[in-house]
Every structure is written in C-alpha cells, then in structure tokens.
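[1] let me see the structure of the following:
(one chain, ligands or ions: 2)
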Amino acid sequence: MSRREQLAELACGPPLVLPSLLLCDFTCLRQEMRRLEEAGVQALHLDVMDGQFVPNFTYGLTVVHAVRQVTSLPLDVHLMMVRPHAWIESFRQAGADAITVHIEAEPEPREVLAQIRSLGAMAGLALNPETPLSSVMPYLSDCDLVLVMSVQPGFGGQVFDGRALEKLRALRADVPAGVVLEVDGGVNEDNIEQCVQAGASWLVAGSAIFDREDYPHSFSRLSGQARRGMIAKTSPCSKLS
Ligand code: DX5
Ligand code: ZN
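    Ligands and ions are numbered 1, 2, ... in the order given. Next comes the predicted model:
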C-alpha cells in the first residue's frame, strides 16, 4: 500500500494522534523514529517554519528528506511559511505525503491545493485562532484536510485555545465527506476528548508526547483518550457509506 493510500485509510479510521516533530531529539533521529514506531505511531506531523510567517525558524527540505530516509510512516507536513506555493513540488519530492498551507499565506488557495493533489499528496488548508472560519469555507471541496490551529503558530508547549472547538463543531456540519479535520497546538490529555467530540479526527501532539520521557505511554494514553472521545458519527468517511 502506498503512503498516500495509508493516509487515506487513516483518514477514515479512528481518531489519529500525530506526534509533531518539533520537540523530538533531532540528534538521534533514527532512534527517535524507531521509538515512535514501536509506540504505535501511524503518521508524523512536521512543522516547517520560515521565520517570516511565524516568529520562529525550524527546518526545511533537508530535515523532511532526512525523516523520509529513516521512517516509512506517512509525513503530514505543515508549512508555516510565506509563499508556500513556490515550494510544494520540493516538499513533495522531499517526502511529504500531506502538505498543508495556511490561508493567511495563500488567501486564494485553490491553485496551490490543486497542485498538491496533482502531485499525489493530501492537500491541507490551515487557519490560525484569530482567522475567521469564513475564510476557508469556499475551499472545503478543494482540500483533503482542514488544520484548525489551537495555538498561534510558531512554538510548541503553548496553551490550547478553545476557539478551535467552536470552529471544529461548525466545520463538522459543513465539511464534505472524507475531508479530515485536524487540530494542532496545546492538545493534551485534558482536552483531546473534547477535540474529538467537536469533530477532529487527526490530533497533533508535541509537548504532550515529547515532554514525557516515556513515548509509548504518553502516545497510547492520548490515543486511548481520543478513542474514548469518539461519538457515534465519528469518522469523516461515515457520510460516504
Ligand atoms: C505550532 C505547531 C504545532 C506544535 C504542537 O506552530 O504547528 O504542531 O508544534 O506542539 P504542542 O502540542 O506542544 O502545542
Ligand atoms: Zn503543526
């Protein structure tokens, strides 16, 4: 099964916790990937920051490519950068299986979303806490996932912004079947069930995993809580059947 097919399957499965590779130990990437795989992780979230769109600079193509070399897990790449349309092909070549751009950086995202899809990757559209939901509504059928930010992008370890829950609830009603709702920032054991009940099926967790020494324990605890948050409707594909 291709990684793209793996992601499509994960998009229809139970809630998925994706560790965010921002706070992991980059000095031993290969071992970190083994530890996460052994913990049962099924996909990874990579935070690319350019120091312009957000006040932080993390990593780019070389790190995405390096992660690609040391794991076969699907890579969900979150581009927090200006003019992301100029880099889509490069990130796809580096190994990204899902590529998310911010509506604040691409106010007319239809073309860039189509380009991501044409390259065989999942196309994602992200919005910040203070960005109104109305900004992404015209593009819901152009993307495969909507990334609702529950922190101001730029850093891990921030406090969860509850406005994300309202956006998730509103999106859940309107989003076309099969489109994944993902939430990112400050997700932890105290709010993950609420995120799932509000409609999120992909949950990004950074400090809630990497700030604890025992990855398997923190990951399985979060995953168990996410499944407990699952309501009857649940999967974004349930409307498909
Ligand atoms: C923030 C990033 C998030 C962040 C998640 O700009 O997009 O993915 O790293 O880390 P926590 O879970 O610690 O907020
Ligand atoms: Zn992110």
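[2] please count neighbours and contacts with C-alpha atoms only from this point.
    OK.
[3] buried sites along the one helix or strand in the chain whose mean pLDDT sits lowest?
    When each helix and strand of the chain is scored by mean pLDDT, DSSP states H and E, helix 3-12 comes last, with a mean of 86. For helix 3-12, burial by neighbour count (16 or more other C-alpha atoms under 10 Å) applies to Arg3, Arg4, Leu7, Ala8, Leu10, Ala11, Cys12.
[4] same check, this time on stretch 92-99
    For stretch 92-99, using 16+ other C-alpha under 10 Å, the buried residues are Arg92, Ala94, Gly95, Ala96, Asp97, Ala98, Ile99.
[5] who touches that stretch?
    If you take C-alpha atoms under 8 Å, 6 or more residues apart in numbering as the criterion, stretch 92-99 is touched by 3-4, 7, 61-62, 64-65, 68, 74-79, 88, 91, 116, 119-124.
[6] that stretch and ligand 1 in contact?
    No. For stretch 92-99, no contact with ligand 1 is found by C-alpha under 6 Å from any ligand atom; the gap never falls below 12.7 Å.
[7] figure out the length between the terminal residues of that stretch.
    Stretch 92-99 has an end-to-end distance of 8 Å (C-alpha to C-alpha, to the nearest Å).
[8] list the contacts for the residue nearest to Arg228 when sequence neighbours are not counted?
    Nearest non-adjacent residue to Arg228, counting by C-alpha to C-alpha, 6 or more residues apart in numbering: Glu193, 6.7 Å away. Going by C-alpha under 8 Å, 6+ apart, Glu193 touches Gln225, Ala226, Arg227, Arg228, Gly229, Met230.
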